[in-house]
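Enquirer: 3D, please:
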Amino acid sequence: MGALVEWYDFAVYAYLATVMARLFFPEGDPTSALLNTLAIFAVGFVLRPVGGAVFGHYGDRFGRRNALSASIILMAAATLAIAVLPTHAQAGTLAPVLLVVARMVQGLAAGGEWGGGTAFLVEYAPEGRKGLYGSLHQFATILGFVCGIAMSTLVTTAFTRSALDSYGWRVPFLVGALGALVGLRLRLRLEDTPAFRSLARDRSVARAPLREALTQHTRTVLLVVGIVVAWTIAYYALIGMPSFTAGTLGVPLSTALTCNLVAMVAHILLLPVTGALSDRVGWRTLLLGSTLALALVAYPVYWLMARGTYASLLLGQVVFAGVLAVFSGPAPAALAELFPAQVRQSALSLGYNIATAAFGGTAPFVVSFLASQTGDDLAPAYYVIAGAVVTSTVLALVTGPRTRSTPPQGGAPRPEAAREHGDRAPARDRPGGGAGYGLPVRAQAGRMPHHKRLPERAGPQEKRDGGER
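Expert: Model (predicted):
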């Protein structure tokens, strides 16, 4: 519920970008107003790495639940502030300034949401189903986007233009603020994850998890950045398609939103399927296949949308969303398991949000800018292709036990990790994480092929002798 509410709030702004453009900027060139509005959308991403660092550190020190509760309170406050902001006609240049401040607060809150929510679900997942459980967080995230699209479509069709500009645009933001209160109540009733409770019980909670993530897991954090580049560009290109098709191609906004809504629904239905599939075949195969496919279909998708018909808009976006789902289902669990539980939320949030701030938040602005400046409606496809090439290259270089569906030979769990419910720990606590590009070794007693079964608990003498545990 929390992820749904947080990303509903974020999505509403993106999908009402054309409306916000004429309300918060002076009349004149509509393309410039749209670009200014999308630039403010990108401003919200500037503070995402800061939010990820702050809430990630807090979550690793004081619990995932506490950090997630704090982030949703901040998101609700920022969303409510947007709902009551004066427009340019009422406050002049102060209006866009206040909008920038509210969006920055939203970005700070969103920075703590993805890493915390992903860590929470993956640490609760039973062994062999982490891909499925991780996909549920992405499911809730995109469901929030879908709800944002649905609400935006509702207000743009139910209100006349004058009513929409007067008060109708505020309704989705007010609904988001109320929904956040429901999400907060649900989060406060949850118990923290078995992994964190185990760390707290054993007094193994890191004293400075953010510093440890930056100094001991630098290479793995950078690996996450490289993996997320194509993912975040493609995602925000997808959610920015209504603004692109309405603002650049001149498609009616209601048509643009409806086509995108159908594509998003198809996307979220595929997420649990691809997440569960990664538990069987391994995540690297699916992630690499998806990025290669994105590079191949990006140009045809934008070519279809440029035709401007309802059928071409719908087909192009559904194909794009389907290919992206193959990446999005396995990705949360794959990234979360690159790090040990002590620094998981800090390191995961930092790597993910750096990539998202640099490439994802700017995607709607870049695709609209490329189209308007070059006069080529297909120019945005090149940005998606470039991101796909970067991530495909990174994934092609990745090797390690967690890229495969079968448990690796050798490796032993950390003593505290062995007691985590379903948590798979790195082979060693060393800079860069586990074996090979920081990829952790699956600790599964009784499922080690061609290797001696791991005993349930290491004895004192074994620990002193440094023998197999």
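Enquirer: give me the pLDDT value at the residue nearest the centre of the chain.
Expert: Central residue of the chain (CA atoms, centre = their mean): Trp114, 5.5 Å from the mean position. Each residue has a pLDDT score; the one for Trp114 is 88.
Enquirer: contacts made by stretch 96-109 with the rest, please.
Expert: Residues from elsewhere that reach stretch 96-109 (CB atoms under 8 Å, 6 or more residues apart in numbering): 6, 9-10, 13, 20, 24-25, 36, 40-41, 43-48, 50-51, 54, 71-72, 74-75, 77-79, 81-82, 85-86, 88, 91, 361. C-beta: built from backbone N, CA, C; applies to glycine.
Enquirer: buried set for it?
Expert: The neighbour-count check on stretch 96-109 (16 or more other CB atoms under 10 Å) flags 96, 98-100, 102-109 as buried.
Enquirer: and for stretch 13-29?
Expert: Under the neighbour-count rule (16+ other CB under 10 Å), stretch 13-29 has 13-25 buried.
Enquirer: and those, which is closest to Phe339?
Expert: Checking the buried residues of stretch 13-29 against Phe339 with CB to CB, the nearest one is Ala14 at 29.6 Å.
Enquirer: what about the nearest residue to the closest one once chain neighbours are set aside, how many residues close to it?
Expert: Leaving aside its sequence neighbours, Ala14 sits nearest to Ile239 (CB to CB, 6 or more residues apart in numbering; 5.4 Å). Applying other CB atoms under 10 Å, we find 25 residues neighbouring Ile239.
Enquirer: so Ile239 makes contact with Tyr13?
Expert: No - using CB atoms under 8 Å, Ile239 is not in contact with Tyr13, being 10.4 Å away.
Enquirer: let me see the contact set for Thr232.
Expert: When contacts are counted by CB under 8 Å, 6+ apart, Thr232 touches 355-356, 359-360, 363, 387.
Enquirer: relative to Thr160, which of those is nearest.
Expert: Using CB to CB, those come closest to Thr160 at Ala363, 31.6 Å.
Enquirer: contacts only, for the closest one.
Expert: By CB under 8 Å, 6+ apart, the contact set of Ala363 is 232-233, 235-237, 240, 383.
Enquirer: can you give me the buried ones in the helix or strand containing Ala388?
Expert: Using DSSP states H and E, Ala388 maps to helix 380-397. Neighbour-count burial for helix 380-397 flags 380-385, 387-392, 394-395 (criterion: 16+ other CB under 10 Å).
Enquirer: again, but for stretch 280-298
Expert: Neighbour-count burial for stretch 280-298 [16+ other CB under 10 Å]: 282-288, 290-295, 297-298.
Enquirer: and for stretch 240-260?
Expert: For stretch 240-260, by 16+ other CB under 10 Å, it's 240-249, 251, 253, 255-260.
Enquirer: need the phi and psi values for the residue nearest to Ala14.
Expert: For Ile239, the backbone dihedrals are phi -70, psi -20 (criterion: degrees, to the nearest 10).
Enquirer: residue contacts, it?
Expert: Ile239 neighbours (CB under 8 Å, 6+ apart): 11, 14-15, 145, 260, 364.
Enquirer: can you show me the strands along this protein?
Expert: For the chain, strands defined by DSSP state E do not occur.
Enquirer: what ranges do the helices span in the stretch 201-350 of the chain?
Expert: Along the stretch 201-350 of the chain, the segments classed as helices by DSSP state H, counting those that start in this stretch run 209-216, 218-239, 241-247, 253-281, 283-306, 310-328, 331-336, 344-355.
Enquirer: would you turn these into CSV with distance to Thr160 and mean pLDDT?
Expert: As requested, the helices of the stretch 201-350 of the chain are exported to CSV (distance: least, CB to CB, whole Å; pLDDT from 0 to 100):
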stretch, distance to Thr160, mean pLDDT
helix 209-216, 50, 94
helix 218-239, 26, 92
helix 241-247, 18, 79
helix 253-281, 13, 91
helix 283-306, 28, 94
helix 310-328, 23, 95
helix 331-336, 41, 95
helix 344-355, 39, 94
